[in-house]
Every structure is written in structure tokens, then in C-alpha cells.
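1. my questions concern the predicted model and sequence given below.
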Amino acid sequence: MALKTMEIASRDHCDIFLFGSGDARVGPMLMKLREKNFESAIVGFDPGFSVLLQNQSDYAFQLN
């Protein structure tokens, strides 16, 4: 997933990236996208939705 995300980001084909994950392993991708001036959104489930991810993305949606 990380490789495909960076491939798409390098081509500038996207305005915003949406991830459906509550796992903090997505964090480095969110940081890299922010460095490249892309917006990101994260969707996760409670309990266990990483606060780190919520803070690293531009938009966070928590599903119960």
C-alpha cells in the first residue's frame, strides 16, 4: 500500500488520499503525503483508532 500511495503521489493524480485504517503503521505515509502537500483523510473504528493517525491526517472520521 505504501508503494502504490507514493507512486500515485509522485504523479500528482490525486488531491486527497483516504485511508481506512486504525493502525498506526499508516502514520509514516500520512507524514510523507503532508511533506508533499497532499491532503489526507483517515477512517477508523472505535476502540483502537490511533490518536496519532487522527492528528497526522487532515481529516479523521471515527466509526462506532
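-> Perfect, I can see it now.
2. who's in contact with residue 63?
-> By C-beta atoms under 8 Å, 6 or more residues apart in numbering, residue 63 lies in contact with 43-46. C-beta coordinates here come from the backbone N, C-alpha and C atoms, glycine included.
3. meant to ask about residue 18, not that
-> 40-43.
4. looks to me like it is in a helix.
-> No: according to DSSP: H, G, I helix; E, B strand; the rest coil, residue 18 belongs to no helix; its state is strand.
5. beta-bridge partners for it, please?
-> In this structure, residue 18 bridges to residue 41 when assessed by DSSP bridges.
6. and it, how far from residue 33?
-> Separation of residue 18 from residue 33 (C-beta to C-beta, to the nearest Å): 11 Å.
7. repeat that for residue 13.
-> From residue 13 to residue 33 the distance is 13 Å (C-beta to C-beta).
8. now residue 10
-> In terms of C-beta to C-beta, residue 10 sits 11 Å off from residue 33.
9. so which of those two has more stuff around it?
-> residue 33 (23 against 9; other C-beta atoms under 10 Å).
10. just say helix, strand or coil for the most centrally placed residue in the chain.
-> In the chain, the centroid-proximal residue (C-alpha atoms, centre = their mean) is residue 30; its distance is 4.5 Å. Of the three states, residue 30 takes helix under three-state DSSP.
11. which parts of the chain are strands?
-> With strands called from DSSP state E, the chain shows them at 16-20, 39-45, 59-63.
12. just want the angle from the last one to strand 16-20.
-> Between the direction of strand 59-63 and that of strand 16-20, the angle (axes from the mean of the first three to the mean of the last three C-alpha atoms, to 10 degrees) works out to 20 degrees.
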